[in-house]
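# Provided below are the primary sequence and the corresponding predicted coordinates.
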Amino acid sequence: MQVKIKILEGGQKPTKGTEGAAAYDCYARDSALVGGRAILIGLGFCIELPQGYHAEILPRSSTGLRTPLRQPNCLGIIDSDYRGEVKAMYELSPRENLAYRVQKGDKIAQMIIKKNEDVHLVEAETLSETKRGTNGFGSTGK
């Protein structure tokens, strides 16, 4: 499958680090200072995803390990009809009270392209019973 991508001025085309990589590494288009509130960091490209597909923007594992950056929404979704610059949202870990500088060209996120599942939500008055039932939020143990 081919997917059209438009590289913006100062941007880089996403790359795969190895043959077996599931995701494309994405690079910061500009330098940015991440401080006390979430900001959007442009990744320097626009993408034309086929109908029935979406892209997921996630932090790289090394970002979580080596920096205080956290993605507050955990996952960004790029819909097939969006044509603007793809961006990643970052904030500082709650344990940090300083600021962190992202440099232009830093590998700041990763992108996975996935096929949408076609499901139809059907309203119902009742749902089938299970052993777990309505117990949630740690109810199955550690």
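Here it is on my side, so go on.

# need the strands for this protein, in chain order.
4-7, 24-27, 32-34, 39-42, 45-48, 53-58, 69-70, 76-78, 87-92, 100-102, 107-115 (DSSP state E).

# CA atoms of the first one as PDB?
Written as PDB, here are the backbone C-alpha positions of strand 4-7 (Å, rounded to 0.1, in the frame of the first residue of the first chain):
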ATOM      1  CA  LYS A   4       1.100  10.100   0.200                       C
ATOM      2  CA  ILE A   5       3.200  12.200   2.500                       C
ATOM      3  CA  LYS A   6       4.000  15.900   2.100                       C
ATOM      4  CA  ILE A   7       7.200  17.100   3.900                       C
END
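
# ok, it: who's next to it in the sheet?
Sheet pairing for strand 4-7, assigned by DSSP bridges, gives strand 45-48 (antiparallel).

# Now do the buried residues in the strand it pairs with.
Using 16 or more other Cβ atoms under 10 Å as the test for burial, strand 45-48 gives 45-47. C-beta: built from backbone N, CA, C; applies to glycine.

# avg pLDDT for that strand?
Per-residue pLDDT over strand 45-48 has a mean of 98.

# ok, back up a step: let's have the strands of the chain in a markdown table, adding distance to G138.
What follows is the strands of the chain, written out as a markdown table (distance: least, Cβ to Cβ, whole Å):
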| stretch | distance to G138 |
| --- | --- |
| strand 4-7 | 41 |
| strand 24-27 | 34 |
| strand 32-34 | 31 |
| strand 39-42 | 32 |
| strand 45-48 | 38 |
| strand 53-58 | 24 |
| strand 69-70 | 22 |
| strand 76-78 | 27 |
| strand 87-92 | 25 |
| strand 100-102 | 31 |
| strand 107-115 | 28 |
